[in-house]
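Novice: need the 3D shape of this:
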Amino acid sequence: MVQFPKRPVFNPPLSEFWHLIGYRYFSTHTKIEGSAQEICEAIVEQCWNGTFYRTSTGNFDYFWIRDFAAVSESLCALGHQDRVIATLKWALTHYMNHDAITLCITPKGRLFNAPTSGIDTLPWLIHAIWTAGYELNPDERAFLISKLGEYQEDFIDPITGHLVSRIGFAELRDSVLYDRSAYAVALIGHMAKCCERLGLDEAFPHTSAVYHDVLRTHYWNGHYFSADYKNQAFSAESALMPFALGLIEDAEKLKETLDYIRDHRLASPYPMKYTDTPRSFRYRLWAKTIMRNYAGDTIWTWHGAYYLRLLRAQNHPETETQEKSFATMIEHHQTFPELLHPDGTLYKSFIYKSSEGMIWAALYVDL
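Specialist: Coordinates of the predicted model:
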């Protein structure tokens with residue numbers, strides 16, 4: 001049996017749990033007047049707190065590397081490169097002070113993971129550094145080299161470069177327990193590209209071709225990239241991110257994926273649902289009890305924004321219809337919501353409700 005090294009545990013502070021409860025029962029969403037574009041522009045501005053980009057104007061008032069990095073390129077394109085670099089400097093300072101990289105950082109600088117440490121944390125950080133044109137100083141470079149070494153010890157087969165089977169780490173769809181998701185493979189392949197561009201390839205010697213090839217030969221099922229190594233079900237992030245990250249540049253495969261989404265009504269009533277077969281996945285206990293269907297066939301606007309970008313890049317017949325649908329969703333709720341029930345209403349469960357004003361709005365403004 002492979003022995004994996006033990007890493008420090010950074011649990012969420014109890015205050016964040018009570019904050020979620022308070023947000024669920026004692027807060028109302030702030031509504032923003034205007035067109036979808038104007039609403040999203042206002043949200044992007046409000047997510048900047050003067051020091052770093054917070055994840056939302058709602059319950060996520062802290063830094064989340066996954067969400068920030070996913071919009072870092074869009075924020076730079078919108079003229080906010082100085083704020084993106086300031087956010088990265090702030091985050092790297094706290095990471096280095098604790099000699100760790102976590103998914104989240106509170107405004108006061110406390111590191112934590114939610115719901116557990118993430119397989120995508122370091123890849124998203126490397127992505128943000130590259131897309132922002134951030135100039136690493138010698139200490140930051142040495143820190144990243146060290147963490148790339150730890151990452152390989154934790155997740156990478158040293159001979160093949162393939163992602164090893166380690167179930168339980170957080171991913172983008174963090175309520176699901178995956179076995180080597182296509183999303184994770186694509187993100188690691190993208191990280192390999194970024195490391196090469198940043199001069200960190202000696203610290204991560206595996207090339208993007210390794211991950212491109214395994215996606216193409218093992219994950220592609222003829223219609224989309226399967227959810228993970230053993231599960232051929234559709235999951236939005238695994239189906240879309242290989243294309244969105246640029247690791248797979250295959251117009252025929254992209255068209256087949258977009259056609260599948262159309263034919264199975266995964267972008268109805270709004271773009272887009274995580275899956276059309278929610279029972280095909282293993283969920284964490286909280287996602288089966290107090291936050292049921294959190295990431296089942298619910299509608300996630302983050303993936304909707306990426307979906308629109310891919311539709312437009314493909315000049316797909318669905319482009320105009322889905323762009324209008326997405327704008328209608330934003331204008332109806334007067335915010336950029338985190339997620340919706342399958343019928344298009346704001347998600348609510350026993351302890352949780354959809355956040356408002358997600359930083360993902362930058363993807364829509366950049367569209």
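Novice: CA atoms only for the helix or strand of the chain with the lowest mean pLDDT, dumped as CSV, please.
Specialist: Counting by mean pLDDT, DSSP states H and E, the chain has its least confident helix or strand at helix 14-26, which shows a mean of 94. Taking Å, rounded to 0.1, in the frame of the first residue of the first chain, the C-alpha atoms of helix 14-26 are listed here in CSV:
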residue,chain,number,x,y,z
LEU,A,14,-16.6,27.6,13.8
SER,A,15,-17.6,31.3,13.1
GLU,A,16,-18.0,30.4,9.4
PHE,A,17,-20.6,27.8,10.2
TRP,A,18,-22.6,30.2,12.3
HIS,A,19,-22.2,32.8,9.5
LEU,A,20,-23.8,30.4,7.1
ILE,A,21,-26.7,29.8,9.5
GLY,A,22,-27.2,33.5,9.9
TYR,A,23,-27.1,34.1,6.2
ARG,A,24,-29.6,31.3,5.6
TYR,A,25,-32.2,32.5,8.1
PHE,A,26,-31.6,36.2,8.9
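Novice: ok, which stretches of the chain are strands?
Specialist: Secondary structure of the chain (DSSP state E): strands located at 63-64, 104-105, 111-112, 299-300, 339-340.
Novice: most tightly packed of the ones you listed?
Specialist: Most buried of these by mean neighbour count (mean count of other Cβ atoms under 10 Å) is strand 299-300; its value is a mean of 28. Glycine gets a C-beta too; all of them are placed from N, C-alpha and C.
Novice: quick one on the thing from earlier: make JSON lines from the strands of the chain and add distance to A170 to it.
Specialist: Converted to JSON lines, those look like this (distance: least, Cβ to Cβ, whole Å):
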{"stretch": "strand 63-64", "distance to A170": "11"}
{"stretch": "strand 104-105", "distance to A170": "10"}
{"stretch": "strand 111-112", "distance to A170": "12"}
{"stretch": "strand 299-300", "distance to A170": "16"}
{"stretch": "strand 339-340", "distance to A170": "17"}
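Novice: okay, the ones you listed in CSV with distance to E331 and mean pLDDT next?
Specialist: CSV is the format used below for those (distance: least, Cβ to Cβ, whole Å; pLDDT from 0 to 100):
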stretch, distance to E331, mean pLDDT
strand 63-64, 26, 98
strand 104-105, 30, 98
strand 111-112, 35, 98
strand 299-300, 16, 98
strand 339-340, 14, 98
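Novice: out of those, which comes closest to G133?
Specialist: strand 63-64 (19.7 Å; Cβ to Cβ).
Novice: so what's V2 scoring on pLDDT?
Specialist: V2 is assigned 66 on the pLDDT scale.
Novice: the one 3 residues further on too?
Specialist: In the predicted model, P5 carries a pLDDT score of 88.
Novice: ok, residues contacting the least confident helix or strand of the chain?
Specialist: G58, N59, T106, F112, A114, K348, I351, Y352, K353, S355 (Cβ atoms under 8 Å, 6 or more residues apart in numbering).
Novice: try 7 Å this time
Specialist: The contact list for helix 14-26 (Cβ atoms under 7 Å, 6 or more residues apart in numbering) reads G58, N59, I351, Y352, K353.
Novice: do the same with stretch 105-115
Specialist: By Cβ under 7 Å, 6+ apart, stretch 105-115 touches 10-13, 61-63, 91, 94, 98, 100, 102-104, 170, 174, 284.
Novice: just for this structure, where's the confidence low?
Specialist: 1-2 (pLDDT under 70).
Novice: walking through it, point out its helices one by one.
Specialist: 14-26, 36-47, 65-77, 81-98, 121-132, 138-155, 182-198, 208-214, 236-244, 251-263, 285-288, 301-314, 319-333, 361-366 (DSSP state H).
Novice: any quick PyMOL command for the buried ones out of the contacts of stretch 105-115?
Specialist: Of those, the buried ones go into a single PyMOL selection, burial set by 16 or more other Cβ atoms under 10 Å:
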select buried, resi 10+12+61+62+63+91+94+100+102+103+104+170+174+284
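Novice: gap between H162 and Y219?
Specialist: Distance, H162 to Y219, using Cβ to Cβ, to the nearest Å: 12 Å.
Novice: I appreciate the help and will end here.
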